[in-house]
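*Asks:* Pasting the sequence and the predicted model now:
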Amino acid sequence: MLLGYSTYFTTLIRSTANPGVDMYNVDNPVSLVGYLSRDQYGDWPILYGPDFQDRPERSDAGNLYVKGQDKYEIAGKISATDWGSTPSSHFFPRMWDGSNDRGQIDCYRQFSGLSEGENPTMADNIKYFVSYQNGFMFLRYFLWNFSGKQNDLQGFGNNRDGNFITGIPFLDDLMYGDQSRMPDTIKKSNKSNNRMFMLPLILGLIGFFYQLKRSKNDFWVTLLLFFFTGFAIVVYLNQAGYQPRERDYAYAGACYAFAIWIGLGVIWVKDIFEKYALKGKADAANYAAAGLCFLAVPVLMGSQEWNDHDRSKKTLARDIGKDYLESCPPNAILFSFGDNDTYPLWYAQEVEGIRPDVRVMNYSLLGTDWYINQLRYKVNESSPTDVIFTPEQIQGNSRDAVPLQALPGFDQNKYYDAYDMFKNVVGSSDQKYTVSSQDGDVYNILPVHKLSVPVDANLVRSNGTVNAGDSVVSELHLDISKQKGYLFKNELAVLAIIAANHWQRPICFNSTYEVDALGLTKYIRQDGLAGRLVPVESKNANFGFYNNDVAYKNMMTKFGFGNAGTSGVYYDEENRRHLNTLRAAHAQLALSLIDAGKKDQAKNLLEHFDQNVLESNFPYGMTSNRGNQHNRISMSFLLAAYEAGDQSLAQKWPHR
């Protein structure tokens, strides 16, 4: 263990150098503990906890220490979930997540047979554990590798998407209905439709029993390896459904362990040949067994699975990162949302040196003090950023949540200067700007839902923030949603950065959904895949708010498409989602151009996308995921083609 953990010294050394991407700022042992414990991913019960109908209480788990100037200092309290605090808490809780934001409770009911309004029993927990956590989230993945895979669509327990198959029609029809009625795009022409006829599985099971018979000690070692890299992970992860994406990578170790039994199965086949077919001819039996098993398993697996594992020509992740960065003006701040949209940006900048002037800020990580503090120093060619709050004011869990609570003297119908409110109210230590919780915790508050950001009209016109003909507002009016009872630290950080920027640097977003509740969306104008904050209010929500000329130039001259214009490149469902993002951007800009009377540019733009994304690489795909998003985006693109007068392109798109 000491030898293994010693490798983390490299993490400490790297973090001390303050690199551009410095996750968790692991430059001291206290931070290292949180990093190794994966604190940012939250907590869940494993052996004791509640069922989903009860919300567990939070409890004090001790002091939170942070690295100070010359010693470790207390920066608040650590709050932990008391999983045993509810009436329903019991041993081995499997149906514990009370949220239903991605259908967790619906999943519990589906896989346990629990009726609406009915609370689960221990038997229901076990049924869910067996059917979903083991059957659906582990054995289904396991059988993808050694029996066959239906397609690359994320499965939700339905008969059409992401199931394991055998490749033997009558068996698959018994499990999922008549498979011949499925569309070709999610069966015959889907590269993840892999049929291995259970041959790898059978050979592995033969090796399983062969080792059990021949060497019990070795068998138990292999079995334990398989158990701890498979079923034990199921118990530990205690996954609530539905997961945001397939999690097959979590169980790769179990597949490696099973491959040992596949190898031992070859020896059993050799023994059978030597005993019956090639009596006494050991060398001939060796060659025969090796040849037969080589053709029946690795050659079969390679022929079925190579085309959906080949990444040799696919550059989509890199190109998406490049497209976001190239949509930003020089020296911009770019807020990104989620790992899938952030890591490509970091790769493009740190490895390929693409647009090092852009400061990428991950929205989720802005909820931590260490990440906000990293904004205070220069990275690559990007200058430091003013975040208003001092390191001490956001230290530890201070201002993790800022309640939105009215105070006397603050008119709820008036817009208050955001910089002043953050600097002198939220950042104040005055008790009149704080509130205490029932647990005795003290919170700094924001007493209004309406904030303003003043606009220097001369500055925004001179530095290119707005166009010559734009109607510039005197100040941004940010209406924070009345549904919000508090601002999280990352939301507070976004607004503070905007307020402190004073229109000196461009501020961009690669998504607007996450900041809609902050009142920003109406001021974000698209320059391509990224939108820029401008002191101009959107007047048309039908096709988005586009900076037509800038966005057109960016898309036509700077965008990459991940080699989607090269025949034979494979894009799985998640890849197709990002191609859909590109397609939606082209369709929406085309509609904006048409509205501005620029039909020729709209036609050129649509043709440009069509030439760079082959239909064979991006087939129509019915999906249960994301509300048939593919359909809506296809309709937007088709509408744009018709309105641009491009009849030939429009005729190609009804089936896409």
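*Replies:* That came through, no problem.
*Asks:* make it CA atoms for all contacts and neighbour counts henceforth
*Replies:* Fine.
*Asks:* Can I take it that Gln393 is in a helix?
*Replies:* No: checked against DSSP: H, G, I helix; E, B strand; the rest coil, Gln393 lies outside a helix; its state is coil.
*Asks:* Setting the sequence-adjacent residues aside, check what's closest to it.
*Replies:* Setting aside the residues directly before and after it, Gln393 is nearest to Gly427 in space (CA to CA, 6 or more residues apart in numbering), at 6.8 Å.
*Asks:* That neighbour: neighbouring residues, count only.
*Replies:* Other residues within reach of Gly427, judged by other CA atoms under 10 Å, total 20.
*Asks:* for it, what are its contacts?
*Replies:* For Gly427, the contacting residues are Phe389, Gln393, Asn444, taking CA atoms under 8 Å, 6 or more residues apart in numbering as the criterion.
*Asks:* Could you export these as a markdown table, including neighbour count and distance to Phe92?
*Replies:* Conversion of the contacts of Gly427 to a markdown table gives the following (neighbours: other CA atoms under 10 Å; distance: CA to CA, whole Å):
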| residue | neighbour count | distance to Phe92 |
| --- | --- | --- |
| Phe389 | 19 | 44 |
| Gln393 | 17 | 40 |
| Asn444 | 25 | 39 |
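*Asks:* Return the member of these nearest to Met361.
*Replies:* Of all the contacts of Gly427, the one with the least separation from Met361 (CA to CA) is Phe389, at 16.6 Å.
*Asks:* that's a helix at that closest one, yeah?
*Replies:* No: under the criterion used here (three-state DSSP), Phe389 is coil, not part of a helix.
*Asks:* what sits against it?
*Replies:* In this structure, Phe389 makes contact with Phe422, Lys423, Gly427, judged by CA under 8 Å, 6+ apart.
*Asks:* rewinding a little: out of the contacts of Gly427, which comes closest to Pro45?
*Replies:* Set against Pro45, the nearest of the contacts of Gly427 by CA to CA is Asn444 (31.0 Å).
*Asks:* Next one: the nearest residue in space to that closest one that is not next to it in sequence from Ser428, what distance?
*Replies:* When the adjacent residues along the chain are set aside, Asn444 lies closest to Thr434, with 4.4 Å between them (CA to CA, 6+ apart). Here the distance between Thr434 and Ser428 works out to 9 Å (CA to CA, to the nearest Å).
*Asks:* try Val613
*Replies:* As defined by CA to CA, Val613 lies at a distance of 54 Å from Ser428.
*Asks:* quick one, which of those two is more surrounded?
*Replies:* Neighbour comparison, Val613 and Ser428: the larger count goes to Val613, with 20 against 17 (by other CA under 10 Å).
*Asks:* For the stretch 501-650 of the chain, which segments are assigned as helices?
*Replies:* 548-557, 573-595, 599-612, 629-643, 647-652 (DSSP state H, counting those that start in this stretch).
*Asks:* how about those helices in JSON lines, adding mean pLDDT and mean neighbour count?
*Replies:* What follows is the helices of the stretch 501-650 of the chain, written out as JSON lines (pLDDT from 0 to 100; neighbours: other CA atoms under 10 Å):
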{"stretch": "helix 548-557", "mean pLDDT": "96", "mean neighbour count": "17"}
{"stretch": "helix 573-595", "mean pLDDT": "93", "mean neighbour count": "21"}
{"stretch": "helix 599-612", "mean pLDDT": "96", "mean neighbour count": "18"}
{"stretch": "helix 629-643", "mean pLDDT": "89", "mean neighbour count": "19"}
{"stretch": "helix 647-652", "mean pLDDT": "87", "mean neighbour count": "14"}
